[in-house]
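this is a predicted model, with the sequence first.
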Amino acid sequence: MNKTMIGWASSWASGLLGVIIFSGSLPATRVAVLGFDPLFLTVARASIAGVLGGLLLLAFRENLPKRSELKGLFIVAIGVVVGFPLLTALALEHITSAHSIVFIGLLPLATAIFGVVRGGERPRPAFWLFSVMGSALVVGYAASQGMTASPKGDLLMLAAIIVCGLGYAEGASLSRRMGGWQVISWALILSLPLMLPLALYTLPAGFETVDTGAWLGFGYVSVFSMLIGFVFWYRGLALGGTATVGQLQLLQPFFGFALAAMLLHEPVTAGMMAVTAAIILCVAGARFSAGRSGAPATVGQDLRRSSTS
């Protein structure tokens with residue numbers, strides 16, 4: 001019983017720490033783009049994380065991915081290594097991180113939808129009803145802010161959520177066979193031959209105008225958002241199960257609001273909180289309607305892999 005309780009506490013602690021780390025991504029990106037070009041920020045953070053991921057793989061002597069896994073790894077790379085960081089960096093040139101966090105409320109829903117599409121499942125009609133309601137809330141919120149926010153920034157955030165949802169869904173499927181942190185590390189490695197030359201090509205001529213805040217944001221998204229967050233997040237999923245610990249992702253927007261208010265002093269309105277809470281209720285309803293997902297037979301494999309991290 002004691003071991004069970006310790007395992008339960010460890011899974012939730014790891015998952016919660018991963019969510020908290022991811023919650024700082026948008027505020028950190030918002031600060032970083034004040035000093036760095038969005039393209040350079042995207043390729044440089046991926047390059048740094050790729051080198052670190054490669055060192056992890058070498059240290060634990062991980063096997064090379066199978067040929068059948070390469071397609072999925074490329075999808076993960078396109079979604080979470082390139083697509084989401086670049087699109088959010090571009091969006092945050094036009095909107096505040098607090099405004100962008102509202103869209104993050106749709107990320108669990110996007111992940112679930114891609115999981116259904118790629119998994120060939122047929123959820124109940126209620127799933128699609130909640131999906132449409134959640135999407136309508138985001139679109140309605142963005143439209144209501146049209147006079148004070150940027151439609152371009154909103155569209156970029158919607159695109160970021162779509163590609164990230166695809167990358168998350170594919171990564172969740174691969175992690176059942178490869179292990180969570182191994183998936184993100186190999187996706188980073190596959191991206192490195194493109195990201196590193198681009199980072200050198202887009203390297204600014206000088207950094208005299210880059211302040212301390214931008215450097216801190218750059219370091220955070222390079223090390224924590226791109227790699228360390230995934231280590232804790234996937235470890236929690238492996239120990240406690242995707243269906244259970246995965247619900248912690250619903251807390252991410254609220255952690256993001258708190259960080260945006262405390263660190264960037266951005267206004268977090270009651271409307272933002274209300275819309276985000278309503279979106280999360282839709283996401284929870286959609287997930288419940290879709291039924292439980294997961295692969296119990298592979299949890300032991302993920303647990304053995306995660307224990308090494």
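Yep, it's here.

dump stretch 162-182 to CSV, restricted to CA.
Extracted in CSV, the C-alpha atoms of stretch 162-182 (Å, rounded to 0.1, in the frame of the first residue of the first chain):
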residue,chain,number,x,y,z
ILE,A,162,-3.6,22.7,-34.4
VAL,A,163,0.0,21.6,-35.2
CYS,A,164,0.8,21.2,-31.5
GLY,A,165,-2.2,19.0,-31.0
LEU,A,166,-1.1,16.8,-33.9
GLY,A,167,2.4,16.6,-32.4
TYR,A,168,1.2,15.8,-28.9
ALA,A,169,-1.2,13.0,-30.2
GLU,A,170,1.6,11.4,-32.3
GLY,A,171,4.0,11.7,-29.4
ALA,A,172,1.6,10.1,-27.0
SER,A,173,1.2,7.1,-29.4
LEU,A,174,5.0,6.8,-29.9
SER,A,175,5.8,7.1,-26.1
ARG,A,176,3.9,3.9,-25.4
ARG,A,177,6.5,2.0,-27.4
MET,A,178,9.6,4.2,-27.1
GLY,A,179,9.2,6.1,-23.8
GLY,A,180,8.3,9.7,-23.4
TRP,A,181,11.5,11.6,-23.1
GLN,A,182,13.0,9.4,-25.8
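
chain center to that stretch: distance?
10 Å (C-alpha atoms, centre = their mean, to the nearest Å).

next one: stretch 103-122
For stretch 103-122, the distance to the chain centre is 13 Å (C-alpha atoms, centre = their mean).

what's the answer for stretch 197-206, then?
That offset, for stretch 197-206, works out to 25 Å (C-alpha atoms, centre = their mean).

give me the distance between the two termini of it.
18 Å (C-alpha to C-alpha, to the nearest Å).

what's in contact with that stretch?
Stretch 197-206 has contacts (C-beta atoms under 8 Å, 6 or more residues apart in numbering) with 36-37, 39-40, 43-44, 46-47, 210. Using the backbone N, CA and C atoms, a C-beta is placed for each residue, glycine as well.

10 Å - rerun?
Stretch 197-206 has contacts (C-beta atoms under 10 Å, 6 or more residues apart in numbering) with 35-48, 50, 191-192, 210.

can you pull the buried residues of the stretch of helix or strand residue 48 belongs to?
In this assignment (DSSP states H and E), residue 48 forms part of helix 38-59. By neighbour count on 16 or more other C-beta atoms under 10 Å, the buried set for helix 38-59 is 38, 40-53, 56-57.

what stretches of the stretch 201-309 of the chain score poorly on pLDDT?
Applying pLDDT under 70 to the stretch 201-309 of the chain flags the ranges 238, 241-247, 287, 290-309.

how about the helices in it?
Secondary structure of the stretch 201-309 of the chain by DSSP state H, counting those that start in this stretch: the helices cover 212-220, 229-240, 242-245, 252-263, 270-290, 296-307.

out of those helices, nearest to residue 114?
helix 270-290 (11.9 Å; C-beta to C-beta).
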